[in-house]
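Peer 1: I would like to see how this sequence folds:
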Amino acid sequence: MKGIFVTGTDTDVGKTVLSALLMAGAGPSTVYWKPVQTGLDDDAGDTLTVRRLARLSDERVLDEGPRFGPPVSPHHAAALAGQPISMATLVSIAARHDGPTRRFVVEGAGGLLVPLGPGLLTCDLVRALGLPVLVAASTRLGTINHTLLTLRHLATLGLPTLGVVLLGRPDASALTALAEHAPGVVLAQVPWLDPLDAETVADWGRQLLQVPELQEVLS
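Peer 2: Purely as a prediction, here's the structure:
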């Protein structure tokens with residue numbers, strides 16, 4: 001399996017927008033997949049958002065896996081529904097849609113330590129899929145600590161990491177701190193897109209796929 005696993009330093013940091021940018025810039029053999037989705041009681045979900053923003057055809061969207069209504073952690077949503085999340089099922093979905101030219105942009109739920117079930121965390125899914133990780137980090141206050149913690153945990157687990165994309169208003173304190181404590185980790189900076197529409201996403205997607213580390217895994 002080839003591609004990228006997009007994780008976040010927290011919730012609402014821009015993972016879905018980053019996934020849309022990657023999909024908009026990647027070639028036609030790249031497929032978007034959100035393995036586990038909660039919160040469908042409140043909105044249509046990240047899959048529909050990425051499909052709309054990146055103008056994806058049905059063939060470039062894999063909409064399979066556990067889907068839950070309540071806007072809560074996946075492990076709790078699964079318990080409420082009486083439908084445990086199975087790692088074997090998720091891996092089987094990926095394998096069924098894989099192929100020699102296939103590339104995936106997989107968007108996780110929240111961050112690395114979001115629980116999917118008893119003894120099962122999002123980082124376990126990352127390991128099972130075998131994809132390198134791209135970290136989405138908002139430039140809001142607190143991002144330095146959250147980003148360094150995420151990077152340290154990835155290193156502790158021995159999971160391959162491409163780097164970090166910062167999303168939001170440019171913040172010098174975040175850049176200088178990450179440059180000192182995790183040199184070379186910031187691959188790109190993307191401002192909050194206004195307007196957040198397909199044209200803007202396409203433009204930034206093309207720019208993002210010029211980053212060598214991202215171009216290599218999605219080409």
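Peer 1: for the protein, just list every one of the helices.
Peer 2: For the chain, the helices defined by DSSP state H occupy 15-25, 46-53, 74-81, 87-97, 122-129, 143-157, 172-181, 198-208, 212-218.
Peer 1: so which elements touch the third one?
Peer 2: Identification of packing neighbours for helix 74-81 by 3 or more Cβ pairs under 8 Å, 6 or more residues apart in numbering; DSSP states H and E yields strand 115-117. Heads up, the C-betas are built off the backbone N, CA and C, glycines and all.
Peer 1: which outside residues touch the strand it packs on?
Peer 2: Residues outside strand 115-117 that contact it (Cβ atoms under 8 Å, 6 or more residues apart in numbering): 36, 73-75, 78, 84-85, 87, 109, 121-122, 124-125.
Peer 1: in TSV: these, plus neighbour count, pLDDT and distance to Ala44.
Peer 2: As requested, these are exported to TSV (neighbours: other Cβ atoms under 10 Å; pLDDT from 0 to 100; distance: Cβ to Cβ, whole Å):
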residue	neighbour count	pLDDT	distance to Ala44
Val36	23	98	16
Ser73	17	97	20
Pro74	23	98	18
His75	20	98	23
Ala78	23	98	20
Pro84	14	97	25
Ile85	23	98	21
Met87	17	97	26
Ala109	25	93	16
Leu121	17	98	26
Thr122	22	98	22
Asp124	16	98	28
Leu125	25	98	23
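Peer 1: among those, which two are most distant?
Peer 2: The distance between the two most remote of the contacts of strand 115-117 (Cβ to Cβ) is 16.5 Å, for Ser73 and Met87.
Peer 1: pLDDT score assigned to the residue sitting furthest away from the middle of the chain?
Peer 2: Distance from the centre of the chain peaks at Gly82, with 26.2 Å (Cα atoms, centre = their mean). Gly82 carries a pLDDT value of 98.
Peer 1: how far away is it from Phe68?
Peer 2: 11 Å (Cβ to Cβ, to the nearest Å).
Peer 1: quick one: contacts for the residue at minimal distance from the centre of the chain?
Peer 2: The centroid of the chain falls nearest to Val6 when counting by Cα atoms, centre = their mean (2.3 Å). With contact set as Cβ under 8 Å, 6+ apart, Val6 has these partners: Lys15, Leu18, Ser19, Leu22, Val105, Val106, Glu107, Gly108, Val133, Leu134, Ala136.
Peer 1: alright, calling it a day.
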